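>>> this is a predicted model, with the sequence first.
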Amino acid sequence: MTRNHRKIGSKPLLVLLAVALTLALINGAGSATINITVNPGKPSYFIGDQGTIWGNMTFSAGLGGGLIPDALVSLEVDNMSGVPIILRTITTGSAPAPSTILITSVTSCDPAGNPKYVFPKQDLAYFKVTVNNTDTAPKYAEITLNIFDARNVVYEAFTAYKGLLVNGTTTMLFSDPIPQDISSGNATAYFNVFSALPSAGGFAYCIEQSTVFSIVGTSPPPLPTPEQPLSGFYNLTFLIDNYQRTRMFRPGNYSVSANCKYQTEVANATATFQVVLRGDINRDGIVDIYDALLLAGSFLKTIGDPKYNANADINVDGVVDIYDAIILAGNFGKTA
Amino acid sequence: MLPPKVDAAPTTMIVDPQNSTAYLNATFNINITVTDVTNMVGWQITELYYLNSILNCTGATEGPFLTNLGSTFPIFDILNNFNSTHGRVRAASVLLGSGVSANGTGVIATLNFTAIATGTTDATLGQTILKDSQNLDIPHTTISGNATVTLPPIQVVDVYTQRGGVGANVSSDSFKPGDTIFLNASLIFQGAPVPGIIVQFITYDPHGTPTARNSVSGPDGVALLNFTLPANPVFGNYVTLASATINGNSYNDTVSYQVGWLINIIQIVLCNCTGYAQAQFPRGSLVYLNITLQNIAFSPKQLFLHLQIYDGSTNPVGTDWINYAIPAGKTNVFMGFRIPYWSISGVGQIYVAAYDKPFWVGDYQAYCPDNYVPLSISGG
């Protein structure tokens, strides 16, 4: 889960060579001076769980190994097809020094860019983002949009723009459809400007900017506020749900990329986690009789018993029992 | 009998031309060329240095050597004030995809410079890297160059337009259909304006077809002539030759200029998020547009690029736009959007329009005709 600063240009594939070239240009070579860790809260989540990704940034042992309290971590979570579903940046405490590229404003709006905050479902929401490049040279950038609904479930993630950001101000507007089956209430759209996506070795040029907009309907009860991480640490929480339309969190394996450029040093780390349909013991994407048979085969077996099936211990209490059977029964027939 | 063994020529990366010359305040280009290479898929110029008291690097573009083979991933990093004496250019590009590689000799990058002071500067290639398809370094040597900036020669005849071209055979900025081009021919002999001289202006269109007209220099020594481009002129490079005879000697000068849409939407390609062309998209999926734009003006232009997306029943289902200063030359804009789940399947359209300002501001003008691409939406 932990990896430190890497040498440039060691990737065998062509696309990765591109990334290596990018990093070589931007960073040059150097010895390892910073480290990053990334951890999924747990290796396996059920649909409906609250997910967490956390980690820390530290100086290398040679520099004392202390926590870095003002780093900017770029996070990407990809699904099993390699498609990003979370694209965010999180600080490890205080804000890092401003860079030459800044997102100066993000607004939900109408097609002409006039502020607008309320959007019905099954309609287009519009977002205007303004980016300023104070460097005289154009910079390659990828601007990403990541939207979480009122329950903190991600329903949109994609790269809205790729190309050069010229010196001065660039304003863009993006439309995005609001699915029918997401939660009403206040949603949040996050915009980031990356040198490349974190999974490709890129990093954020600046702190992400967000705008809150209202998706009309009855607001659900507010979620508890996530605990504030210690300085030097970062964390990101989100609800793992699987709306029929967006299908962001289907059961399967997910990869996490965490990158950080701190001053002139780059560090990255990766992690994985799994999303499982509750009751899908054989992980075939459907809760059916085959899962029930597996549970029966492990019934009343506890950890350490050769017949104990950890997948059948759905509530993870160390024993496969009636409580697990009830969960399986409640999800019987559900598919991924 | 076996043919005699011929050793392959060594691979080099060279500054081309190796000895550039430019007049003060003029713009000029330096190419970086790779010669006699085999199986190359990527290159990197870790550093190219020049005296920033003499040259200012204003831009850089990738050459055709790799781009002719497919999509590439170019990166340029220009730092004119790298330190108190030198500017630095860093650049790299790699060919995306597999199965193709570059062989032979070709231009990998073109650097644009403005001569800001007289003198000579080296254009020094530092570390460079060439990569083959196995991601191995290709051994090569480098040959640096230099550039000399001098004062322009004293011009007897100097023809230019209202958009520049002052100096011997210097280009003017571009014109669009319907523009009126004001030609000025300045006659200065032995330091004094020469009035009352007939100046012949011959303008050659891109097909080489000449149009000749005359004008007489005024008290300030300047002969004036103007003409208005039609609504549908021949697009391309025009050259005007101005000639005059003073004291029995013939003198002349040329000015060239591009005529076309100042900004043109050259190509729209629908693709997936990795940039590969894709023809059909299910409802709810992400669509990416790789839009190739060309700005034929010398300088960046403010551009409001508007995308309107229609589904199979011509319902509007999306709008994206970008408002920024588009640099001179070719630019690729890569924008993404999601097809709404409620779209009607069938063949829709994506219209892309280029304006000088947002149309709700008023008094806006289109840079060029709209371009569009069909969007095939399937059920999903």
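Noted; the coordinates are in hand.

>>> hmm, B:Met13 and B:Thr33 touching each other?
Yes - using Cβ atoms under 8 Å, B:Thr33 makes contact with B:Met13 at a distance of 7.4 Å. C-beta: built from backbone N, CA, C; applies to glycine.

>>> can you list the low-confidence ranges for chain B?
B:1-8, B:97-98, B:153-154, B:380 (pLDDT under 70).

>>> show me how the record splits it into domains.
Chain B is divided into the following domains under automatic domain parsing: B:12-150, B:157-259, B:263-378.

>>> got it, and chain A?
A:2-276, A:289-330.

>>> to chain B, which of those lies closest?
domain A:2-276 (3.6 Å; Cβ to the nearest Cβ).

>>> just to revisit the earlier point, overlap of the contact sets of B:Thr33 and B:Met13?
Common neighbours of B:Thr33 and B:Met13 are listed as B:Ile108 (criterion: Cβ atoms under 8 Å, 6 or more residues apart in numbering or on different chains).

>>> ok, the two, which is more surrounded?
B:Met13 (24 against 20; other Cβ atoms under 10 Å in any protein chain shown).

>>> give me the element that one is part of.
strand B:12-16 (DSSP states H and E).

>>> and B:Ile108, by the same measure?
Per DSSP H and E: strand B:102-115 holds B:Ile108.

>>> from the middle of its chain, how far away would stretch B:15-26 be?
Centroid separation for stretch B:15-26 versus its chain: 18 Å, with Cα atoms, centre = their mean, to the nearest Å.

>>> show the end-to-end separation of that stretch, please.
Length of stretch B:15-26, first residue to last, Cα to Cα, to the nearest Å: 19 Å.

>>> hang on, isn't A:Gly202 packed against A:Ala196?
Yes - A:Gly202 is within contact range of A:Ala196, at 2.9 Å (criterion: Cβ under 8 Å).

>>> doesn't A:Tyr290 lie inside a strand?
No - with DSSP: H, G, I helix; E, B strand; the rest coil as the criterion, A:Tyr290 is located in helix rather than a strand.

>>> pLDDT score for it?
In the prediction, the pLDDT value recorded for A:Tyr290 is 86.

>>> neighbours of it, how many?
Neighbours of A:Tyr290 (other Cβ under 10 Å): 13.

>>> cool, B:Val41 as well?
Counted with other Cβ under 10 Å, B:Val41 comes out at 27.

>>> assumed it was part of a helix.
No - counting by three-state DSSP, B:Val41 is not found in a helix; it is strand.

>>> give me the number of residues near the residue in the stretch 101-250 of chain B positioned nearest to chain A?
For the stretch 101-250 of chain B and chain A, the shortest gap (Cβ to the nearest Cβ) falls at B:Asn135, measuring 5.3 Å. The number of residues packed near B:Asn135 is 18, by other Cβ under 10 Å.

>>> repeat for the one 3 residues further on
Burial of B:Ile138, expressed as a neighbour count using other Cβ under 10 Å, amounts to 18.

>>> likewise B:Arg163?
17.

>>> how many other residues sit next to the closest residue to it other than its chain neighbours?
Spatial nearest neighbour of B:Arg163, chain neighbours left out: B:Asp173 (3.8 Å); criterion: Cβ to Cβ, 6 or more residues apart in numbering or on different chains. For B:Asp173, the tally of surrounding residues (other Cβ under 10 Å) stands at 17.

>>> go on, B:Ala231?
B:Ala231, neighbours per other Cβ under 10 Å, totals 7.

>>> quick one: it and B:Lys176 touch, right?
No - in this structure B:Ala231 lies outside contact range of B:Lys176 using Cβ under 8 Å: 10.2 Å.

>>> mind listing what's buried along stretch B:350-362?
Of the residues in stretch B:350-362, B:Ile350, B:Val352, B:Ala353, B:Ala354, B:Tyr355, B:Asp356, B:Pro358, B:Phe359 count as buried by neighbour count, 16 or more other Cβ atoms under 10 Å in any protein chain shown.

>>> among the residues you listed, which ones lie close to chain A?
The subset of those within reach of chain A, by Cβ under 8 Å from any Cβ of the partner chain, is B:Pro358.

>>> got the buried residues of stretch B:350-362 as CSV, with secondary structure and distance to B:Asn264 columns?
Converted to CSV, the buried residues of stretch B:350-362 look like this (DSSP: H, G, I helix; E, B strand; the rest coil; distance: Cβ to Cβ, whole Å):
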residue, secondary structure, distance to B:Asn264
B:Ile350, strand, 17
B:Val352, strand, 11
B:Ala353, strand, 12
B:Ala354, strand, 8
B:Tyr355, strand, 13
B:Asp356, coil, 14
B:Pro358, coil, 20
B:Phe359, coil, 19
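
>>> which pair of the buried residues of stretch B:350-362 spans the longest distance?
B:Ile350 and B:Asp356 (21.3 Å; Cβ to Cβ).

>>> can you pull out the helices in the stretch 1-150 of chain A?
A:14-27 (DSSP state H, counting those that start in this stretch).

>>> contacts for stretch B:148-158?
B:19-24, B:26, B:54-55, B:115-120, B:166-168, B:185-189, B:199, B:242-244, B:246, B:251-253.

>>> list buried residues within the residues you listed.
Using 16+ other Cβ under 10 Å, the buried members of these are B:20, B:22-24, B:26, B:54-55, B:115-116, B:166-168, B:185-189, B:199, B:242-244, B:246, B:251-253.

>>> show me those residues that map onto strands.
Among the buried ones among the contacts of stretch B:148-158, DSSP state E puts B:20, B:22-23, B:55, B:115, B:185-189, B:199, B:242-244, B:246, B:251-253 in strands.

>>> how about stretch B:35-52: buried residues?
B:35, B:37, B:40-52.

>>> what do you get for stretch A:63-82?
Quick answer for stretch A:63-82 (16+ other Cβ under 10 Å): A:Ile68, A:Asp70, A:Ala71, A:Leu72, A:Val73, A:Ser74, A:Leu75, A:Glu76, A:Val77, A:Asp78, A:Asn79.

>>> just the CA coordinates of it, formatted as CSV?
Output in CSV follows, covering the C-alpha atoms of stretch A:63-82 (Å, rounded to 0.1, in the frame of the first residue of the first chain):
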residue,chain,number,x,y,z
LEU,A,63,14.7,13.9,6.7
GLY,A,64,13.3,12.9,10.1
GLY,A,65,10.3,11.0,8.9
GLY,A,66,7.8,13.6,10.2
LEU,A,67,4.3,14.1,8.9
ILE,A,68,3.8,16.7,6.1
PRO,A,69,1.0,18.9,7.2
ASP,A,70,0.5,20.9,4.0
ALA,A,71,0.5,18.4,1.1
LEU,A,72,-2.1,18.0,-1.6
VAL,A,73,-3.0,14.4,-2.3
SER,A,74,-4.7,13.5,-5.6
LEU,A,75,-7.0,10.5,-5.4
GLU,A,76,-8.5,8.4,-8.0
VAL,A,77,-10.7,5.3,-7.6
ASP,A,78,-11.2,3.2,-10.7
ASN,A,79,-13.7,0.5,-11.3
MET,A,80,-12.8,-2.9,-12.6
SER,A,81,-12.9,-1.5,-16.2
GLY,A,82,-10.4,1.2,-15.3
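
>>> check whether it comes near chain B.
No - using Cβ under 8 Å from any Cβ, stretch A:63-82 stays clear of chain B, with a minimum separation of 9.3 Å.
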